[in-house]
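# test case, fold it:
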Amino acid sequence: MRAADPAATATMTAEFFRALVAGGVRHCVLSPGSRSAPLAVAALRCEPLGLRIFVQLDERSAGFFARGLAMASGAPTLLLCTSGTAAANYFPAVIEAHYGGTPLIVLSADRPPELRDCDAGQTIDQVRLYGSHVRWFHELPLPEAGAAAERVARSVANRALAHAQGANPGPVHLNWPLREPLTPPHGLAPLAPLASENVLARNDLPSPSLAEIDALAALTRREERGVIVAGPLPLQSDLADAAVRFSRASGWPVLADAASQLRFGAHVESANVAAAYELYLRDGAFARAHAPRAVLRLGSAPTSKALRVWLESHAPSDYWLIDSAARFSDVSRLATARSASDPGALLTHAADALGDRARVSRWQSAFANAERAAQAAVAHALDAEAALLEPHLARELAAALPDGALLALSNSMPVRDVDAFAPASSRRLRVLVNRGANGIDGVTSTALGASAAWPGPVALLTGDLAFLHDLGGLAAVRDARDLTIVLIENGGGGIFSFLPIAEHRESIAFERLFHTPHGLPLRKASELFGIEWERVGSWEHFRAALKTSLARGGVSVIEVPVDPAANVTAFRALARVAQDAAAEACA
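As a prediction, this is how the structure comes out:
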């Protein structure tokens, strides 16, 4: 068995990393290991070129930290590990990135072919480890000297970038077998930037055809009863202006998911943006009387179950799915037309075809009146409630964050609470969610990663089980900037109390099998990880703690105790209040 040439290994791996940096990679999350040493050293040599390295011991948390970085920066993040189960621990984050469309480049070191399948230590089958959950898999050759090997390294890096950030962005897996010796040669020279002409261009979305534009404009002319349904979109989404222009020209209201990047921003001042639809479309006179006949869908699947059921119960005759990533995000199977073109260009050109005059209709006014009435009724009901409850918390937190802040949301109830109770606002607020696979794993790590790349303050609203699930991720607090974690302490999985299984209570051991109270003093994490921690007992206390945390910076936790039974009762009561208010406003 031939030993590796350390100089050849150093040169080929350096060319690979130089190509990644030239292509826009600025962050590398590294999980330490022996077999990956040549790759780690190559990454280190690229720091003067603009690559920032984060060292994370726990690969599972590291994967979600990298995803948070990629989501906040909008650029692919490199995720680097050694051989064996290290890469397997990245899998949950890879799955989330696959379904959530986040550009990640996973680079795993591996044993050379002669050490595979022979009981060598720290060796597993890493070929196509992530199966169908990556946009592309490739195994690099063993490093060797020469210009041809260097061209291979640059070519693979460029292909990885193209697959990771193309029309359908997502994770890529590269596996690199390396022979010993793994130590670099002495006296490595500094790396020079790669010439820009050697960098491949990023894939652009196709422009809409004239036929598409005409068809959409014709649909809006003949159909007044339409809605724009906006699901979660990337943090860097720039669809707001185009969506508002189309909404005004068509007269169709925008039902904006909290994570659509359309619910918050200056565009709200001139747009018919609905936010409380999760409450008033559940049932009642308004929901029954205002079934749409046309729908234009943007983004991923919306959070709101009430919205989905409402559309399924009143299946529209025309349902356009704007699906540039070709993900066929149509769980209700309602789509009658699909466009794979640039959504911003399609909406802008369709609005131009409709003319500059805003369409005024009873349909549009009905949604605007229902939204105003529902928001006023919910605000009045919450102001009269002194108890610490999740709907009020979601509304308070969203309202308190400054312009330019990032709000990260855990799955289960936090994302649903904000979706239902945070009204539209002209403040520039972006919302981050892990809605690819909708799990609670890696929530804290994702927020910590996002905070390391986001230019303003970041707040995370999360539950106690999600927090406990990713406790080890708090080791990354040293790399975070400003993150305030608002921790809902309701003694377990609060979302299960909303499900039909909760009605069976102890006949099916509901508390033990579903609500799963953990009984752990989570505050002790503050001592282990060196973070500020405050448990609040009133709304005045919460507001003061939040103000202090945002001003202080760093990472801190505000623990908010919530009674789960009272919370379920309050949520359902608020939904009825919103339904009644919407119906009365449009009677």
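# what ranges does the stretch 201-350 of the chain have for its strands?
Counting by DSSP state E, counting those that start in this stretch, the stretch 201-350 of the chain has strands at residues 226-230, 254-256, 273-274, 294-298, 318-322, 337-339.
# ok, and which of those strands has the densest surroundings?
Most buried of the strands of the stretch 201-350 of the chain by mean neighbour count (mean count of other CB atoms under 10 Å) is strand 254-256; its value is a mean of 29. Every residue, glycine included, has its C-beta placed from N, CA and C.
# could you point out which element follows the helix-or-strand element of the chain with minimal mean pLDDT?
Using mean pLDDT, DSSP states H and E, helix 510 stands out as the lowest-scoring helix or strand of the chain, at a mean of 66. Later in the chain than helix 510, the nearest helix or strand by DSSP states H and E is helix 525-529.
# helices or strands up against that next one?
Applying 3 or more CB pairs under 8 Å, 6 or more residues apart in numbering; DSSP states H and E, we find helix 525-529 packed against strand 532-535.
# elements contacting the helix or strand just after the strand it packs on?
Proceeding N to C from strand 532-535, the next assigned helix or strand is helix 539-552, under DSSP H and E. Helices and strands touching helix 539-552, as assessed by 3+ CB pairs under 8 Å, 6+ apart, comprise helix 390-400, strand 483-489, strand 532-535, strand 555-561.
# so the longest one versus helix 539-552, what angle?
Going back to what we said before, that points to helix 390-400. With axes from the mean of the first three to the mean of the last three CA atoms, to 10 degrees applied, the angle from helix 390-400 to helix 539-552 works out at 40 degrees.
# buried sites along helix 390-400?
390, 391, 392, 393, 394, 395, 396, 397, 398 (16 or more other CB atoms under 10 Å).
# the first one: what's it in contact with?
For residue 390, the contact set (CB atoms under 8 Å, 6 or more residues apart in numbering) comprises 413, 414, 417, 488, 490, 494, 562, 567, 571.
# domain ranges for the chain, per the record?
Segmentation of the chain into domains, based on automatic domain parsing, reads 6-198, 210-371, 388-562.
# comparing these by mean pLDDT, which bottoms out?
In terms of mean pLDDT, the lowest-scoring of the domains of the chain is domain 388-562 (a mean of 91).
# I'd say residue 76 and residue 163 touch.
No: Residue 76 is not in contact with residue 163 according to CB atoms under 8 Å; the separation is 9.7 Å.
# so which of these two has more stuff around it?
Counted by other CB atoms under 10 Å, residue 76 and residue 163 do not tie: residue 76 has more neighbours, with 28 against 22.
# how about the more buried one, phi and psi?
phi -60, psi 140 (degrees, to the nearest 10).
# cool, and residue 108?
phi -110, psi 130.
# in which helix or strand does residue 17 reside?
Per DSSP H and E: helix 6-22 holds residue 17.
# how far away is residue 39 from residue 534?
Distance of residue 39 to residue 534, computed by CB to CB, to the nearest Å: 41 Å.
# between those two, who's got more neighbours?
residue 39 (26 against 18).
# that concludes my questions; thank you for your assistance.
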